[in-house]
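Colleague: sequence and predicted model, in that order:
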Amino acid sequence: MKNKKQYAGQLNTILFFVLFFGVFSLTRAANPELIVTWRAANFYPISYTGKAIPSYGTKIYFVVEGIQDGKLLDLSRANIEWRKNGERIRGGDGQKEAMVVFNKNDETSFVSVAVTANGTTVIKNVSVPVIEPQLILEVPYLNMTVAKNADVAITATPYFFNAQTINDFSFSWIVNGIKKGTGSNNKLILNTGSPNTDSDSIVNISGYAQNKRSLLEIKKTQTRLFISK
């Protein structure tokens with residue numbers, strides 16, 4: 001049977017290993033991590049508070065930062081390489097920023113960045129959502145129902161076109177098959193006194209928005225109003 005001194009010696013040895021390796025593991029530096037942020041340089045209304053989503057042809061600006069043990073790393077001397085869908089687009093020392101444009105020929109929309117410093121390479125992959133431009137017709141009436149002989153204001157609001165301001169757009173309207181003009185005004189004032197429909201109770205409205213900077217970028221949206229008796 002082991003005596004008390006033997007047990008004490010074994011216990012001290014165990015405590016030594018636990019304390020030593022515990023302290024060692026805590027003092028080891030954490031692996032560096034990369035944080036990639038991006039912003040899309042396309043149009044959205046000032047009331048929109050979400051993140052702008054790029055459409056095809058949108059310039060997307062990327063920035064990479066490195067973090068280790070909760071602190072920002074100095075990447076000014078690190079070799080940084082950017083790739084779009086696996087194809088190298090930019091690289092060099094301290095190249096923390098990159099600009100990417102996706103087009104309809106791209107089968108995927110991935111951006112990756114590899115940062116190499118002190119013999120260590122860290123890679124970050126980012127999947128970017130790409131959508132078609134959107135056009136919303138805003139009609140401030142519950143259940144799209146309005147009274148007869150009322151003046152109705154309808155607003156066409158474009159999202160995510162490759163434009164800079166609302167002045168870059170041309171808007172047009174078709175009401176029950178009749179064109180209501182084209183211009184820079186994104187509001188349509190419609191009187192429901194004579195909707196000129198078969199049932200005399202429904203108005204079909206089509207709104208169009210076209211980017212004057214890129215004439216092929218055009219979007220159509222439809223809605224309908226119900227005229228209460």
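Modeller: Yes, it's here.

Colleague: what residues are up against residue 121?
Modeller: 114, 115 (Cβ atoms under 8 Å, 6 or more residues apart in numbering). To be clear about C-beta, it is placed using only N, CA and C from the backbone, and glycine gets the same treatment.

Colleague: how far away is it from residue 46?
Modeller: 42 Å (Cβ to Cβ, to the nearest Å).

Colleague: next: residue 100.
Modeller: 26 Å.

Colleague: comparing these two, which residue is more hemmed in?
Modeller: Shown here are residue 100 and residue 46; by other Cβ atoms under 10 Å, residue 100 has more neighbours (23 against 6).

Colleague: give me the contacts around whichever strand or helix holds that one.
Modeller: According to DSSP states H and E, residue 100 maps onto strand 97-101. The contact list for strand 97-101 (Cβ under 8 Å, 6+ apart) reads 57-64, 82, 84, 89-90, 111, 113, 128.

Colleague: give me the most central residue, this protein.
Modeller: Nearest to the geometric centre of the chain sits residue 53, at 3.1 Å (Cα atoms, centre = their mean).

Colleague: looking at it, it is touching residue 39, isn't it?
Modeller: No. Counting by Cβ atoms under 8 Å, residue 53 does not reach residue 39; the two are 10.7 Å apart.

Colleague: tell me the domain ranges of this protein?
Modeller: The chain resolves into domains spanning 33-127, 134-228 when parsed by automatic domain parsing.

Colleague: tabulate those domains (JSON lines), appending mean pLDDT.
Modeller: Formatted as JSON lines, the domains of the chain follow (pLDDT from 0 to 100):
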{"stretch": "domain 33-127", "mean pLDDT": "96"}
{"stretch": "domain 134-228", "mean pLDDT": "90"}
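
Colleague: before we move on, the earlier item: just the buried ones from the contacts of strand 97-101?
Modeller: Buried residues within these, counting neighbours by 16 or more other Cβ atoms under 10 Å: 57, 58, 60, 62, 64, 82, 84, 90, 111, 113, 128.

Colleague: among these, name the ones in strands.
Modeller: Using DSSP state E, the subset of the buried ones among the contacts of strand 97-101 located in strands is 60, 62, 64, 82, 84, 90, 111, 113.

Colleague: could you list which residues are in contact with the fifth one?
Modeller: Counting by Cβ under 8 Å, 6+ apart, residue 84 touches 100, 102, 110, 111.

Colleague: ok so, going back, could you give me the buried positions within the strand holding residue 100?
Modeller: 98, 100.

Colleague: what distance separates that strand from the centre of its chain?
Modeller: In terms of Cα atoms, centre = their mean, to the nearest Å, the centre of strand 97-101 is set 14 Å apart from its chain centre.

Colleague: kindly report the same for stretch 168-181.
Modeller: The answer for stretch 168-181 is 29 Å, by Cα atoms, centre = their mean.
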